[in-house]
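In: here is my input; please provide its structure:
(3 chains)
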Amino acid sequence: MPELPEVEVTRLSFALEIAGAKVISVCMGKPLRWPLGCLPTALAGRSVQAVRRRGKYLLIDLDQGLLLVHLGMSGSLGFASQLPPAGAHDHFEMLTTQGTLRLTDPRRFGAVVYADSEDAPQACKLLDKLGMEPLSDDFDIDRFHVQLKRRKAAIKQVLLAGDVVVGVGNIYASEVLFWAGVRPTLSATRLSWPRSVKLHAAIRDVLARAVAKGGSTLRNFSNANGDSGHFQLETMVYARQGQPCRVCGTPIKALRQGQRSTFYCPLCQKA
DNA sequence: AAAAGCCCCTGGATGC
DNA sequence: TGCATCCAGGGGCTTT
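Out: Numbering: from 1, shown residues only, chains lettered A, B, ... in the order given. The predicted structure is shown next:
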């Protein structure tokens, strides 16, 4: 579930509440994607300073070191002074003086990794090759266009790869390409300057609107307060194959690219 | 260097 | 009801 908007919505839903909290204890459930990288007891006594986001990673800054949290495909966080008893899918829990932070992740593609600093190898390994942040000033149109020109793969795959621009996952890739009027199979290198400009704008616009709507809840995404998102109600193409395009009425088509499903309107996205 | 496949894991939906 | 198959928001690793 979690693409950039869901991760950002999650961040916003507990960042202020956890700031200043002191860690009491940490416990881990079943193994996640990677080991924590330190003894859970080593974190006790540290204080949480801020929660930031880089791509689909949440960075929880401690007074010493930081935790990198990734929600994978099925993860969600909860933060409250009183959480329900831990279930079979709760694999990380951090008790603090201001509440308990819990990662629930049935598929366990998610991760919680400790690093001494953002420059430490554990962090670099995850963050170094990430592309531009689409909602920040860092997202430069010229650079975006130049980087697309260097890629021959289909534009949708390039967006998903995350090394040009981060945060666009499978739902938003289809949505963004719809708004830009670009066919998902088009080789990235063939995007003209005006179309790159349009795509750049569509990425910012769609992601920002999705954040404003609390993200998309397809199965069970919720923010750290348990609220669902609503952006799934206004998708133009995602999971709408066979249904009429909301703009021109043409039936939406589906195809597979790199074992992921893609949706587009054959008329609105002519090439 | 870039692209394509495979794989991690669990659960829900669908089909026989 | 039971079982097999396919699919799902991600992304790292290995192979071409």
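In: next one: the closest residue to DNA strand B within the stretch 1-150 of chain A from A:V247, what distance?
Out: Closest to DNA strand B within the stretch 1-150 of chain A is A:R107: 3.4 Å, counting by CB to the nearest atom of the strand. Just so you know, the C-beta spots here come from the backbone N, C-alpha and C atoms, and that holds for glycine as well. According to CB to CB, to the nearest Å, A:R107 and A:V247 sit 35 Å apart.
In: could you do A:L68 as well?
Out: Separation of A:L68 from A:V247 (CB to CB): 40 Å.
In: likewise for A:R150?
Out: To A:V247, A:R150 is 31 Å away according to CB to CB.
In: what do you get for A:D227?
Out: Counting by CB to CB, the gap from A:D227 to A:V247 is 30 Å.
In: where's the residue of the stretch 1-150 of chain A closest to DNA strand B, which helix or strand?
Out: Under the criterion DSSP states H and E, no helix or strand holds A:R107.
In: is it true that it touches A:H91?
Out: No - between A:R107 and A:H91 there is no contact under CB atoms under 8 Å: 10.6 Å.
In: higher neighbour count, the two?
Out: A:H91 (22 against 11; other CB atoms under 10 Å).
In: now do the SS call for A:P194.
Out: Three-state assignment for A:P194 (DSSP: H, G, I helix; E, B strand; the rest coil): helix.
In: so what's it up against?
Out: By CB atoms under 8 Å, 6 or more residues apart in numbering, A:P194 lies in contact with nothing.
In: leaving out sequence neighbours, find the closest residue to A:W193.
Out: Distances taken as CB to CB, 6 or more residues apart in numbering place A:H145 nearest to A:W193, at 6.0 Å, with adjacent residues excluded.
In: pull the CA atoms of the helix or strand containing that neighbour into CSV?
Out: Per DSSP H and E: A:H145 is located in helix A:141-149. C-alpha atoms of helix A:141-149 as CSV (Å, rounded to 0.1, in the frame of the first residue of the first chain):
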residue,chain,number,x,y,z
ILE,A,141,12.6,19.9,-14.3
ASP,A,142,15.8,20.1,-16.3
ARG,A,143,17.4,17.3,-14.3
PHE,A,144,14.3,15.2,-14.6
HIS,A,145,14.2,15.6,-18.3
VAL,A,146,17.9,14.8,-18.7
GLN,A,147,17.7,11.7,-16.6
LEU,A,148,14.6,10.4,-18.5
LYS,A,149,16.5,11.0,-21.8
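In: ends of stretch A:46-63, how far apart?
Out: Terminal residues of stretch A:46-63 are spaced 6 Å apart (CA to CA, to the nearest Å).
In: what does stretch A:110-125 give?
Out: Stretch A:110-125 has an end-to-end distance of 16 Å (criterion: CA to CA).
In: ok, now how distant is A:S187 from DNA strand B?
Out: As judged by CB to the nearest atom of the strand, to the nearest Å, A:S187 and DNA strand B stand 8 Å apart.
In: show me the contacts for that residue.
Out: Contact analysis of A:S187 by CB under 8 Å, 6+ apart lists A:R151, A:K152, A:A153, A:A154, A:I155.
In: now the buried members of those.
Out: For the contacts of A:S187, a burial check counting by 16 or more other CB atoms under 10 Å picks out A:R151, A:A154, A:I155.
In: among the residues you listed, name the ones in helices.
Out: When DSSP state H is applied, these are split such that A:I155 fall in helices.
In: columns distance to DNA strand C on top of the buried ones among the contacts of A:S187, output as a markdown table?
Out: Putting the buried ones among the contacts of A:S187 into a markdown table (distance: CB to the nearest atom of the strand, whole Å) gives the following:
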| residue | distance to DNA strand C |
| --- | --- |
| A:R151 | 15 |
| A:A154 | 15 |
| A:I155 | 15 |
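In: fine by me, thanks again.
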